[in-house]
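>>> Structure here, sequence nowhere to be found:
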């Protein structure tokens, strides 16, 4: 039973292009908004709300077929007066179907129609079947066939409430298996009506009845008679429509179609010259390919893309182009994507469709590009990206969301695409989308604005210029999580340059502070170095002065030593002269004594001589004076003389090897001194007053360095307050003499 809710005239935008494809025409049409109740089961009915349009009211009254039917399930209605440039215009939009544009003559009609359509869209789908519907069902002898036996269109069948149910599958199978083409056409039409309600269509029961394979057989059998047999054409039209619903149902139904060769058959029908059949076949190919990777590969393997690519702008009607664009989008929606060459061909094809004027074609083309933008960003050329940006200003809201999402993915994958948008004027349009009631469009616009802002500092300026920051701050409190997160990300990207500038400023300040600290540290180091240098210089001068004083002191000491030595040598010379005098005196005395003895001997000889005269002649000898006894020097004097004369010793030191040194005593200076030889200056010395003891033997640590190699009887040491003088003698007698002399010397100090 069909109930008319509202009817009247509206001006509708045409579906085809006029005047060389430049624009579409607007024509007056008679519209009927109706609610049709059809039984689904014994306890439920299916309420179908549709908007049919006729050339004029007379066609509706005479029950002629409508020019078209707009199913309202899943649609939304929007005021697009400002978008299309026509007063009191509204849009009936659907996510995957064609979008319709109409306008009313008065404001009152505009409000009545939009309210009525909006109420019909929101109505309940399933209700208890009224008695009238059940009565009409029992009264109908054959669903899908009028009382005159002529075939009715799908829309009229729905209006009459003749939708079949799962209980009718046996009779449908009987008709499809009949050899009569007329009954076959009726069975295929009823199968299409049975599968019309996709969500609850009994596809499994249809498969169990073997109707999928039978449908493919009928389509293949009647393909050769499409132009000559009207039943064959009806079977083809309804069969392709039924195949669309089977392809989009389940994995089992897709497998059944593939196993029966439906993908090959659909490819053949897609190459037909008759546009309606080609439309249905291409649409079915897309539905089949979107079912999964296996189905997509099967469709591609039979060359279906070639038939789809043959549909070109200007050469085919809009409906065909819509189905071709959607088929490509359906194929690309299956992951993983085909090989790069195949994807490149599809991208080039849908890129050419971006220059169409039909919103549905543009929407499907943008959806197809969106599916490839992140996986193959390099396939999107700059003109394509620029064209997607231009589509953001399109009149239809149906185009905006897929275009925005395609751009967001493309720009996120390739920064060059983002630069294209920065240079274009899409940011203000995107900002208007932030106020759209469609959450998906708003979220996609936020994503794309974020991509533009994060691409470069120029992108931030472009987005800031639109005033999108304030709207994004408001959207951070939105109920939709995607919108909240997108707004937060956009604000973060807009704030990033300021944060980076602040970080750079902080880094520059920190660098300046570090540089200042380094300069101050360098200055402190310089001052410290100068102070150290001055201290070192002062110390050097002090050391030089000390060394000069020491040099002068050494010179003075040397002078005193030289004077003392000279004095000592003088004394030695005097002592030697005195000794020589004593020796000369002794020698003279000895000669005198010898002379006296000689004389005595001569005297004795003279006394014994016989000649008296000789004795008389010789004078009487003078008696010789007794010689003075010789003064023997004491041992102490001899020892002291040995010390003063000096001798060559082997001197042992605290370091290095022992060396030969000439050692002597300087009594005038009160010191023991030594040098390499007797005739060299004596620079090394030891004060006699510092000597505390004289130790014979090799007992000191200096001697102990030599181990057991030394002869203990040849060694002795002068033990001083600060050092020791360790000497190795040539003989034991020398050692004993020097030990004895030094001990006597120390005792007398």
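Noted; the coordinates are in hand. The shown structure was predicted, so the numbers you read here are calculated from the model rather than taken from an experiment.
>>> So for the longest strand belonging to the chain, mean pLDDT?
Longest strand in the chain by number of residues, with DSSP state E as the criterion: strand 26-39. In this model, strand 26-39 carries a mean pLDDT of 82.
>>> Likewise for stretch 177-195?
Stretch 177-195 shows a mean pLDDT of 89.
>>> Low-confidence regions, the stretch 501-650 of the chain specifically.
By pLDDT under 70, the low-scoring segments of the stretch 501-650 of the chain are 608-633.
>>> Can you name the residues in contact with stretch 493-503?
Identification of contacts with stretch 493-503 by Cβ atoms under 8 Å, 6 or more residues apart in numbering yields 450, 453-454, 457, 460, 463-464, 468-469, 472. Quick note: C-beta positions are derived from backbone N, CA and C, even for glycine.
>>> which parts of that stretch are buried?
Buried residues in stretch 493-503, counted by 16 or more other Cβ atoms under 10 Å: 493-494, 497.
>>> Same question for stretch 167-175.
Those would be 168-169, 172-173, 175, for stretch 167-175 by 16+ other Cβ under 10 Å.
>>> Take the buried residues of stretch 493-503 and lay them out in TSV including pLDDT, secondary structure and distance to residue 229.
TSV is the format used below for these (pLDDT from 0 to 100; DSSP: H, G, I helix; E, B strand; the rest coil; distance: Cβ to Cβ, whole Å):
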residue	pLDDT	secondary structure	distance to residue 229
493	87	helix	64
494	87	helix	66
497	83	helix	71
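>>> distance between stretch 421-439 and the chain's centre?
Distance of stretch 421-439 from its chain centroid, counting by Cα atoms, centre = their mean, to the nearest Å, is 31 Å.
>>> what's the span of it, first residue to last?
In stretch 421-439, first residue to last residue: 23 Å (Cα to Cα, to the nearest Å).
>>> Buried ones in that stretch, by neighbour count?
421-422, 424, 426-427, 429-431, 433-434, 436, 438.
>>> between the buried residues of stretch 167-175, which is closest to residue 522?
For those, the closest approach to residue 522 (Cβ to Cβ) belongs to residue 169, at 96.6 Å.
>>> Any regions of the chain where pLDDT drops low?
In the chain (pLDDT under 70), the answer is 1-2, 15-24, 37-47, 123-163, 197-199, 377-379, 608-633, 682-683.
>>> separation between residue 391 and residue 351?
To residue 351, residue 391 is 12 Å away according to Cβ to Cβ, to the nearest Å.
>>> Same check on residue 646?
When distance is defined by Cβ to Cβ, residue 646 is 119 Å away from residue 351.
>>> Please state the offset of the longest strand of the chain from the chain centre?
Per Cα atoms, centre = their mean, the centroid offset for strand 26-39 relative to its chain is 60 Å.
>>> Quickly run through the sheet partners of it, with directions.
strand 2-13 (antiparallel), strand 45-54 (antiparallel) (DSSP bridges).
>>> which residues are contacting the longest one?
What it means is strand 2-13. For strand 2-13, contacts defined as Cβ under 8 Å, 6+ apart pick out 24-37, 49, 53, 57, 60, 84, 100-105, 109, 112-113, 116, 120, 159-161.
>>> Now that we have the residues you listed, which of them are buried?
Buried residues within those, counting neighbours by 16+ other Cβ under 10 Å: 24, 26, 29-37, 49, 53, 60, 84, 100-104, 113, 116, 120, 159-161.
>>> contacting residues around residue 543?
Contacts for residue 543 (Cβ under 8 Å, 6+ apart) come out as none.
>>> and if we set it to 10 Å?
Each residue near residue 543 by Cβ atoms under 10 Å, 6 or more residues apart in numbering is listed here: 536, 550.
>>> so when I look at it, I'm seeing a strand, right?
No. According to DSSP: H, G, I helix; E, B strand; the rest coil, residue 543 belongs to no strand; its state is helix.
>>> ok, it to residue 317 distance?
In terms of Cβ to Cβ, residue 543 sits 111 Å off from residue 317.
>>> Same check on residue 263?
Distance, residue 263 to residue 317, using Cβ to Cβ: 24 Å.
>>> out of those two, which sits in the busier spot?
Neighbours were counted for residue 263 and for residue 317 using other Cβ atoms under 10 Å; residue 263 has more, 24 against 15.
>>> Make sure I have this right: that one is in a helix.
Yes. Under three-state DSSP, residue 263 sits within a helix.
>>> That one contacts residue 289, doesn't it?
Yes. Counting by Cβ atoms under 10 Å, residue 263 touches residue 289, with 8.3 Å between them.
>>> which of the contacts of stretch 493-503 count as buried?
So, by 16+ other Cβ under 10 Å, the buried ones in the contacts of stretch 493-503 are 450, 453-454, 460, 463, 468-469, 472.
>>> Could you dump the residues you listed into CSV with secondary structure and distance to residue 413 added?
Formatted as CSV, the buried ones among the contacts of stretch 493-503 follow (DSSP: H, G, I helix; E, B strand; the rest coil; distance: Cβ to Cβ, whole Å):
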residue, secondary structure, distance to residue 413
450, helix, 14
453, helix, 17
454, helix, 13
460, helix, 20
463, helix, 19
468, helix, 22
469, helix, 26
472, helix, 23
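>>> and residue 32, what does it touch?
Residue 32 neighbours (Cβ under 10 Å, 6+ apart): 2, 4-8, 50-54, 57, 60, 66, 69, 159.
>>> Any figure for the gap between it and residue 78?
Distance of residue 32 to residue 78, computed by Cβ to Cβ: 22 Å.
>>> Three-state assignment for the nearest residue to residue 476 once chain neighbours are set aside, please.
Once flanking residues are discounted, residue 476 sits nearest to residue 487: 4.7 Å by Cβ to Cβ, 6 or more residues apart in numbering. Put simply, residue 487 is helix when judged by three-state DSSP.
>>> Name all residues that make contact with residue 487.
Residues near residue 487 by Cβ under 10 Å, 6+ apart: 434, 442-443, 446, 449-450, 468-469, 471-478, 480.
>>> before we move on, back to that, can I have the buried ones of the contacts of residue 32 as a PyMOL selection?
Typed into PyMOL, the line below selects the buried ones among the contacts of residue 32, using 16+ other Cβ under 10 Å:
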select buried, resi 2+6+7+50+51+52+53+54+60+66+69+159
